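Q: the following block contains a protein sequence and its predicted model.
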Amino acid sequence: MPIIIKAQGNDTTGDLIKKFKKVTIATDIVQKVKDRRYYQKPSRVKAIRLTESRRLKKRARALKHMKNVSPQVLTRIQERLNG
């Protein structure tokens, strides 16, 4: 899927580069390329995923017991756990 950035009436090349960078960051293209730069064994990928989910679960548990924590933070963590 190509990324297409269309210039508006008074956009400079600098503005277009900024827009392109925002789009690439939003779609995680750069992170995917960095992750695929070197081969990782499937067992290593699974281990990383498990440790990440454990860390997020522990963080969510700790935040539930804290005062003055917005519910948006908890929903973001739950989204990362489910997605």
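A: Perfect, I can see it now.

Q: just the buried residues of stretch 13-31, please?
A: Buried residues in stretch 13-31, counted by 16 or more other CB atoms under 10 Å: residue 19. Bear in mind the C-beta positions are built from the backbone N, C-alpha and C, glycine included.

Q: point to the residue nearest the middle of this protein.
A: residue 28 (6.4 Å; CA atoms, centre = their mean).

Q: what about that residue, distance to residue 18?
A: Going from residue 28 to residue 18 by CB to CB, to the nearest Å gives 18 Å.

Q: do the same with residue 47
A: 37 Å.

Q: quick check: next helix or strand after the host helix or strand of residue 31?
A: Assigned by DSSP states H and E, residue 31 belongs to helix 29-35. Downstream of helix 29-35, the first helix or strand assigned by DSSP H and E is helix 42-65.

Q: buried residues in that next one, which are they?
A: The neighbour-count check on helix 42-65 (16+ other CB under 10 Å) flags residue 60 as buried.

Q: which helices and strands does it pack with?
A: Secondary-structure packing of helix 42-65 (3 or more CB pairs under 8 Å, 6 or more residues apart in numbering; DSSP states H and E): helix 71-82.

Q: show me which residues of the helix it packs on are buried.
A: Within helix 71-82, the residues scored as buried using 16+ other CB under 10 Å are residue 77.

Q: quick one, it and helix 42-65 angle?
A: Relative orientation of helix 71-82 versus helix 42-65 (axes from the mean of the first three to the mean of the last three CA atoms, to 10 degrees): 160 degrees.

Q: can you list contacts of helix 71-82?
A: By CB atoms under 8 Å, 6 or more residues apart in numbering, the list of residues contacting helix 71-82 from outside reads 53, 56, 57, 59, 60, 63, 64.

Q: can you tell me how far the first one sits from residue 36?
A: If you measure residue 53 against residue 36 using CB to CB, the figure is 21 Å.

Q: for the second one, same thing?
A: Applying CB to CB, the value for residue 56 to residue 36 is 23 Å.

Q: kindly report the same for residue 75.
A: The spacing between residue 75 and residue 36, counted by CB to CB, is 30 Å.
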